[in-house]
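Student: okay, predicted coordinates and the sequence, questions at the end:
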Amino acid sequence: MINFFLKPLEKFNKIVSQCVFALATTLIGLIVLALTMSAVTRYVSGNGYDWFIELPPAMVTWLVFPLLGPLFKSGQHISVDFVTVFLNK
């Protein structure tokens with residue numbers, strides 16, 4: 001009986017994870033493009049636009065937080081083992 005409810009939820013979760021990974025890929029591309037355009041604009045014209053510089057740090061927030069769930073679920077999230085190493089000594 002419980003599989004009746006879990007199967008559609010697993011499919012929905014997989015679709016949401018794929019959408020989040022697609023969004024993250026797009027955001028990484030936009031971050032690289034903004035930094036490249038900032039460097040090119042500064043090189044060609046001698047002065048750059050402020051929003052080219054301010055855009056990547058703002059986009060990192062939109063990149064990190066949606067990815068927390070799918071990365072943690074798949075075991076790809078960064079883990080810090082400082083405490084366990086420190087306690088084992």
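Tutor: Looks like it arrived, so ask away. Residues are numbered from 1 along each chain as shown.

Student: find the nearest non-adjacent residue to the residue nearest to the spatial centre of the chain, please.
Tutor: The centroid of the chain falls nearest to residue 63 when counting by CA atoms, centre = their mean (3.2 Å). Leaving out its chain neighbours, the residue that sits closest to residue 63 by CB to CB, 6 or more residues apart in numbering is residue 27, at 4.7 Å. The C-beta positions use only the backbone N, C-alpha and C, and glycine is treated the same way.

Student: the one you found touches residue 61, doesn't it?
Tutor: No: if you go by CB atoms under 8 Å, residue 27 and residue 61 don't touch, sitting 10.0 Å apart.

Student: from residue 2, how far off is the residue nearest to the centre of the chain?
Tutor: From residue 63 over to residue 2 the distance is 35 Å, taken as CB to CB, to the nearest Å.

Student: where along this protein do the helices fall?
Tutor: Under the criterion DSSP state H, helices of the chain are mapped to 2-45, 50-74, 82-88.

Student: tabulate those (JSON lines), appending mean pLDDT.
Tutor: What follows is these, written out as JSON lines (pLDDT from 0 to 100):
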{"stretch": "helix 2-45", "mean pLDDT": "90"}
{"stretch": "helix 50-74", "mean pLDDT": "84"}
{"stretch": "helix 82-88", "mean pLDDT": "73"}
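
Student: quick one: residues contacting the residue nearest to residue 63.
Tutor: Neighbouring residues of residue 27 by CB atoms under 8 Å, 6 or more residues apart in numbering: 59, 62-63.

Student: now with 10 Å, please.
Tutor: 56, 59-60, 62-64, 66-67 (CB atoms under 10 Å, 6 or more residues apart in numbering).
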